[in-house]
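S.K.: With the input below, show me the fold.
(2 chains)
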Protein chains: 2
Amino acid sequence: MSETKRAVILLSGGLDSSTCLAIAREQGFERYAMSFRYGQKHELELAAAQRVADHIGVAEHRIVDIDLRAFGGSALTDDRFEVPKERSESEMESGIPITYVPARNTIFLSYALAWAEVLGAWDIFIGVNHIDWSGYPDCRPEFIDAFEKVANLATKASVQGEKKLTIHRPLIEMTKKEIIGKGLSLGVDYGMTTSCYDPATDGSACGSCDACLLRLKGFEENGMKDPAPYSEVISG
Amino acid sequence: MSETKRAVILLSGGLDSSTCLAIAREQGFERYAMSFRYGQKHELELAAAQRVADHIGVAEHRIVDIDLRAFGGSALTDDRFEVPKERSESEMESGIPITYVPARNTIFLSYALAWAEVLGAWDIFIGVNHIDWSGYPDCRPEFIDAFEKVANLATKASVQGEKKLTIHRPLIEMTKKEIIGKGLSLGVDYGMTTSCYDPATDGSACGSCDACLLRLKGFEENGMKDPAPYSEVISG
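M.R.: You can find the predicted model right below:
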């Protein structure tokens, strides 16, 4: 008797997490998508997450309300900081950007772990990427490995010596170009996704924040135009 | 020039976390207490947390709203399960109780980490206890060690090679008797604290859930009466 395996997939509505959801589908998992309304300025990404969840197909999509704005400390959650624009690649590589949100992935993975435990799921997917975006500490392979250890000590199942919980990070060693190529082969409609940190009120992307610049480069390297809407006409 | 060191202390308003806050004071930390309104049936513990924070003294006490009821899976957050009563010690030691809340300490520590990072604090205190309460997987020393590793990979400081973040768990190898003795020596007023999972609407403790039974035993072993209010007259 074959049994459908459940997986919790962290889904922001961006390019990476949407590809990750498609990969979980390719691998035959029953998919439970989880998004967060965490006080991000770019809350419009949640509408994208819903579109993508409908498009790729999920058993359930849960949007969890948490308030990271209460802590601040990031250009994504704190009005005192501006989202940086038009940075060069060397500027992006020069340190941890102000868009880093303290402990965000740790908090997201903790919630995913809680849901996985209640669902009886042994698999969590996160679309972290280490190659084209090495600025965030909580996107590094060693961080994900360490959290996987926590996950396997934190839960009831870990005491009872049951199966091992796996944190899948299928994109971690891929370039943006490769991620887009993979997603296209799996039928992801990137026109539904948004990566922008500072979108216009109609949801169109700014085209000049770090996330937009990396994304646009990835499409350009695939020899195509990004199908997502931008506020201004983007060359390439 | 001496510098005041900040610490984030997880404070439920119970016996253990209140003692932990007093220990952080003894060690000279500037104290930032953090409590959670997580959908617990015993939300009255938050009033106790506020009393204790005022009594022991904190620079700030933050109560974070999170909804673990959305996941359920525990007698503390799910109305389908009853809080067990009058269990014997051997029953308590026989496995993970239904009062276990999936991934709760992982989530609490993640929030503490976020706040610590924004505050510039390098110390987090958690009142987990492994001796008189070994049923919860996320109270074990190996879990705390694993989370400490995560904390030291998750943050901006970890990339920048700054100081190491420490998760203090001063009670982990203490019996309830020893914890109470320590707290009394530090001036903790246990009459302000509540440990009960199923308090009456006036805040008085039931005297028969696991948490009450362990607590009552700890006071009895110190040769004294628990100063907290109980619904019924408790012998001993």
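
S.K.: Need the distance between the two termini of stretch A:116-131.
M.R.: 28 Å (CA to CA, to the nearest Å).

S.K.: For chain B, tell me whether that stretch is touching it.
M.R.: Yes: using CB under 8 Å from any CB of the partner chain, we find that stretch A:116-131 touches chain B at A:117, A:118. Just so you know, the C-beta spots here come from the backbone N, C-alpha and C atoms, and that holds for glycine as well.

S.K.: Now do the buried residues in that stretch.
M.R.: By 16 or more other CB atoms under 10 Å in any protein chain shown, the buried positions in stretch A:116-131 come out as A:116-119, A:121-130.

S.K.: Which two of these have the greatest separation?
M.R.: A:118 and A:130 (29.9 Å; CB to CB).

S.K.: any idea which helix is longest in chain A?
M.R.: Determined from DSSP state H, the single longest helix within chain A is helix A:104-119.

S.K.: Next step: the buried residues of stretch A:116-131 restricted to strands.
M.R.: A:123, A:124, A:125 (DSSP state E).

S.K.: can you redo those as CSV with pLDDT?
M.R.: Listed next are these as CSV, based on pLDDT from 0 to 100:
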residue, pLDDT
A:123, 97
A:124, 98
A:125, 98
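
S.K.: what's the closest of those to chain B?
M.R.: Chain B has its nearest neighbour among those in residue A:124, at 11.3 Å by CB to the nearest CB.

S.K.: residues contacting the closest one?
M.R.: A:7-10, A:109, A:112-113, A:116, A:151, A:165-168 (CB atoms under 8 Å, 6 or more residues apart in numbering or on different chains).

S.K.: does any bit of the worst-scoring helix or strand of chain A on mean pLDDT sit next to chain B?
M.R.: The helix or strand of chain A with the lowest confidence, counting by mean pLDDT, DSSP states H and E, is helix A:156-159 at a mean of 73. Yes: applying CB under 8 Å from any CB, one finds helix A:156-159 touching chain B at A:156, A:158, A:159.

S.K.: What's the local residue count around the second one?
M.R.: Read that as residue A:158. If you count neighbours by other CB atoms under 10 Å in any protein chain shown, residue A:158 ends up with 21.

S.K.: ok, it touching residue A:152?
M.R.: Yes: using CB atoms under 8 Å, residue A:158 is in contact with residue A:152, at 5.1 Å.

S.K.: Please identify every residue contacting each of the two.
M.R.: Contacts common to residue A:158 and residue A:152, judged by CB under 8 Å, 6+ apart, are residue A:165.

S.K.: ok, the spatially closest residue to residue A:87 that is not a sequence neighbour - contacts?
M.R.: Spatially, and ignoring its direct neighbours in sequence, residue A:87 is nearest to residue A:210 (6.0 Å; CB to CB, 6 or more residues apart in numbering or on different chains). Shown in contact with residue A:210 (CB under 8 Å, 6+ apart): A:84, A:87, A:92, A:97, A:99, A:197.

S.K.: How much space separates residue A:210 from residue B:114?
M.R.: 21 Å (CB to CB, to the nearest Å).

S.K.: Kindly report the same for residue A:75.
M.R.: Counting by CB to CB - residue A:75 and residue B:114 are separated by 16 Å.

S.K.: Same drill for those two, tell me which one is more crowded.
M.R.: Between residue A:75 and residue B:114, counting by other CB under 10 Å, residue B:114 is the more crowded of the two (26 against 21).

S.K.: quick one: residue A:7 is in a strand?
M.R.: Yes: counting by DSSP: H, G, I helix; E, B strand; the rest coil, one finds residue A:7 located in a strand.

S.K.: Number of residues surrounding it?
M.R.: Other residues lying near residue A:7 total 25 when counted by other CB under 10 Å.

S.K.: Was I right to think it contacts residue A:30?
M.R.: Yes: contact criterion CB under 8 Å: residue A:7 and residue A:30 qualify, at 7.1 Å.
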